[in-house]
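Peer 1: Dropping a prediction and its sequence here:
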Amino acid sequence: MALALGAKAPDFTLPSTSGTKMNITKDYAGKALILYFYPKDFTRVCTAEACEFRDQFEAFRNLDIPVFGISRDDIPTHERFKKEYKLPFDLLSDQTGKVCQAYDALIPLIKMPKRVTYLIDQSHKIAGVFADMFESKGHIESMLKKLQK
């Protein structure tokens, strides 16, 4: 189960492919954003999802909504993934899985991130959620529809 609509988005600080640590509360106070959790860099569905976010990135930028991908991969792996697929957004590394767990985006027994996308509004509440482990394109379509309302 994903976090409920209207729930407060858990605060976190994670290393980013930007070379800094990103803190949702400090760095994005009063700003909406997209957080998408995914299992693993370079896997078929995760790559398709990242590339779909890349291909739709202009729409999110025009709405002034930053996009962040989060998995348990380390920063060097994220950097290779970002470079190979020319991703215009940052990837965040949650190697401990604590942020994934806080966002109910961790499969309990195997500790792998689930595929779940959150739209966080300006007050940092959950405004939209899409969860489907095997489908990638719907995450992006769902968030764009939510934002265009």
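Peer 2: Here it is on my side, so go on. Numbering: from 1, shown residues only.
Peer 1: Show me where this protein has its strands.
Peer 2: 13-15, 21-23, 33-37, 67-71, 90-93, 106-107, 112-113, 116-120, 126-131 (DSSP state E).
Peer 1: Give the burial count for Asp132, as a bare number.
Peer 2: For Asp132, the count of nearby residues is 15 (other Cβ atoms under 10 Å). The way it works is simple: take the backbone N, C-alpha and C, and place the C-beta from them, glycine included.
Peer 1: any idea how far the residue nearest to the spatial centre of the chain is from Cys100?
Peer 2: With distances taken as Cα atoms, centre = their mean, the residue of the chain nearest its centroid is Tyr36 (2.1 Å). Distance from Tyr36 to Cys100, counting by Cβ to Cβ, to the nearest Å: 12 Å.
Peer 1: Any regions of the protein where pLDDT drops low?
Peer 2: Applying pLDDT under 70 to the chain flags the ranges 1, 133-139, 149.
Peer 1: could you pull out the helices for it?
Peer 2: 24-27, 44-55, 57-62, 75-84, 98-102, 137-148 (DSSP state H).
Peer 1: As CSV, the ones you listed with distance to Ala7 and mean neighbour count would be great.
Peer 2: Formatted as CSV, the helices of the chain follow (distance: least, Cβ to Cβ, whole Å; neighbours: other Cβ atoms under 10 Å):
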stretch, distance to Ala7, mean neighbour count
helix 24-27, 14, 14
helix 44-55, 23, 18
helix 57-62, 22, 14
helix 75-84, 27, 16
helix 98-102, 11, 18
helix 137-148, 16, 17
